[in-house]
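Participant: Take a look and give me a structure for this.
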Amino acid sequence: MQRRQFMTGAAALGVGLVLPIAARAQQDLPSGPVKIVVGFPAGGGTDVLARLLGQKLGVMWNIPVIVENRAGAAGIIAAEQVARQPNDGNTLLMAHVNSHGIAPGLQPKLAYAVDRDFSPIALVGKTPTILIGGASQPAKTLPDLVKLCRAQPGKIVFGSAGAGSAQHLALEIFKARAGIDVLHVPYKGSAPLMNDLLGGHVQYCFEGMTTATPLLQSGKVIALAQTLQQRSKSQPNVPTVAEQGYPGFEASIWFGMVGPSKMPAPMVQRMNRDIDQVLAMADVQEKLAQVGAEDGGGSVQRFADFMSQEQQKYAKTIKDAKIVVES
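Facilitator: Residues are numbered from 1 along each chain as shown. Below you'll find the predicted structure:
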């Protein structure tokens, strides 16, 4: 009898220990399906990364994780939507350099403040922009291009995917560092820019890896530099701007997971740890390499500090270059 009572008591104690742990684990996760909002069309780099993370996290959390594309205004519309959501973790945003790095310094009437209206969760990855030129252009190295621009101030034509775009800001940061003056021609997106680059109407531009890589592989354009501080694993033969005389230079296109402001700290930390785990998976690493994304992961604070530094860098560049775009 005493043995039976002891076993019953031990079993009850075991359940008592397990249930609080399970309850605490559940409190670290959203109560229902999770939606990751993407501010760009399906099929682009931001969308690909969001769907990759969503699929893995859904399995880990045993909760449906879906991606919703809400394209427009370079990611700002999606950011505005998520900023207004409850802080329960059911709605997240795949933030982008445009919405969380550049826009705060570019749009005076922006409806959100990054540090006030969002909870940083994790840096997902950075991709470099590639400085490319038409295959027939005379300057085929970065030092030669700088010499050319100094010999012909204001005459060498650089295009960009749009005024205030990440590609345009990479150009402005480089102009300031190299002390050169060029003619900037903004386009409405990368497609028309590439047409004019191939046609010889534009001589050079900074462009994202997704657009630049197939053109480089075909030999239609040449690469002079890339804009991460270390060479991307996806472009190991292209030297960085930093190693060609401009130490510390970086102008990446980056992606990170954020949620609405004041999300519970245990939930943010749990999501951060799980995203770190996903980013380390071999099949995920392979997919990241395909889009040129690297250097993701790390603590919540690392991501928060990184976003703050990016906002300061771009705000200064926008002010110094007197960049103004329509709101």
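Participant: how far away is Ser190 from Ile275?
Facilitator: 28 Å (Cβ to Cβ, to the nearest Å). C-betas here are computed from N, CA, C, even on glycine.
Participant: again with Ala321
Facilitator: 34 Å.
Participant: next one: Leu171
Facilitator: 32 Å.
Participant: How about Lys313?
Facilitator: In terms of Cβ to Cβ, Lys313 sits 24 Å off from Ile275.
Participant: Repeat that for Ala50.
Facilitator: Taking Cβ to Cβ, one finds Ala50 at 12 Å from Ile275.
Participant: neighbour-wise, which of these two wins?
Facilitator: Ala50 (27 against 23; other Cβ atoms under 10 Å).
Participant: Now do the contacts for the closest residue to the more buried one other than its chain neighbours.
Facilitator: Computed as Cβ to Cβ, 6 or more residues apart in numbering, the closest residue to Ala50 that is not its neighbour in sequence is Met94, at 4.2 Å. In this structure, Met94 makes contact with Ile36, Val37, Val38, Gly39, Thr46, Leu49, Ala50, Leu53, Val124, Phe255, Gly256, Met257, judged by Cβ atoms under 8 Å, 6 or more residues apart in numbering.
Participant: how about those residues, which pair is most distant?
Facilitator: Gly39 and Leu53 (15.3 Å; Cβ to Cβ).
Participant: quick one: the longest strand along the chain to chain centroid distance?
Facilitator: Longest strand in the chain by number of residues, with DSSP state E as the criterion: strand 118-134. Its chain's average C-alpha position is 4 Å from that of strand 118-134, according to Cα atoms, centre = their mean, to the nearest Å.
Participant: Equivalent analysis for stretch 284-302, please.
Facilitator: Relative to the mean C-alpha coordinate of its chain, stretch 284-302 is positioned 10 Å out (Cα atoms, centre = their mean).
Participant: Could you give the average pLDDT over the longest strand of the chain?
Facilitator: The average pLDDT within strand 118-134 is 97.
Participant: What residue spans form the domains of this protein?
Facilitator: 34-127+252-321, 133-244 (the TED database).
Participant: Do me a favour and get the end-to-end distance for the longest one?
Facilitator: As for domain 34-127+252-321, its first-to-last residue distance stands at 40 Å under the measure Cα to Cα, to the nearest Å.
Participant: where along the stretch 151-300 of the chain do the helices fall?
Facilitator: Taking DSSP state H, counting those that start in this stretch, the helices of the stretch 151-300 of the chain run over residues 166-178, 190-198, 209-218, 265-279, 282-291, 300-321.
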